[in-house]
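J.: got a structure for you, letters missing:
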């Protein structure tokens with residue numbers, strides 16, 4: 001494993017902005033494969049580190065009660081299925 005310190009002009013928490021800047025050749029962006037695939041296919045983005053990935057993160061759904069409306073339960077179930085590790 002190699003650790004590299006990188007300086008940057010931009011720091012953000014917006015995936016859309018990161019993607020837009022990368023498509024304008026302003027820099028690199030860490031993007032989900034599913035979200036980036038169309039832009040990669042269209043040639044707007046190029047994957048530069050195919051063997052590298054971020055470490056997994058935990059995601060928590062926090063509610064104020066255990067008695068959830070059906071739509072909230074469905075949304076949580078959707079997230080669990082969508083975010084499940086491959």
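T.: Yep, that arrived. Being a predicted model, the structure only gives us computed values, none of them experimental.
J.: what is the burial count for residue 4?
T.: When neighbours are defined as other Cβ atoms under 10 Å, residue 4 has 4 of them. C-beta coordinates here come from the backbone N, C-alpha and C atoms, glycine included.
J.: equivalent analysis for residue 23, please.
T.: Neighbour tally, residue 23, other Cβ under 10 Å: 14.
J.: same question, the one 10 residues further on
T.: Residues lying near residue 33 (other Cβ under 10 Å) number 9.
J.: can you pull out the helices in this structure?
T.: Using DSSP state H, the helices of the chain run over 15-23, 33-41, 70-83.
J.: CSV for those helices, including distance to residue 51 and mean pLDDT?
T.: Below are the helices of the chain laid out as CSV (distance: least, Cβ to Cβ, whole Å; pLDDT from 0 to 100):
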stretch, distance to residue 51, mean pLDDT
helix 15-23, 19, 93
helix 33-41, 13, 91
helix 70-83, 23, 92
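J.: relative to residue 50, which of those is closest?
T.: helix 33-41 (10.5 Å; Cβ to Cβ).
J.: follow-up on the earlier one: of the helices of the chain, which is nearest residue 5?
T.: Residue 5 lies closest to helix 15-23 among the helices of the chain, at 19.6 Å (Cβ to Cβ).
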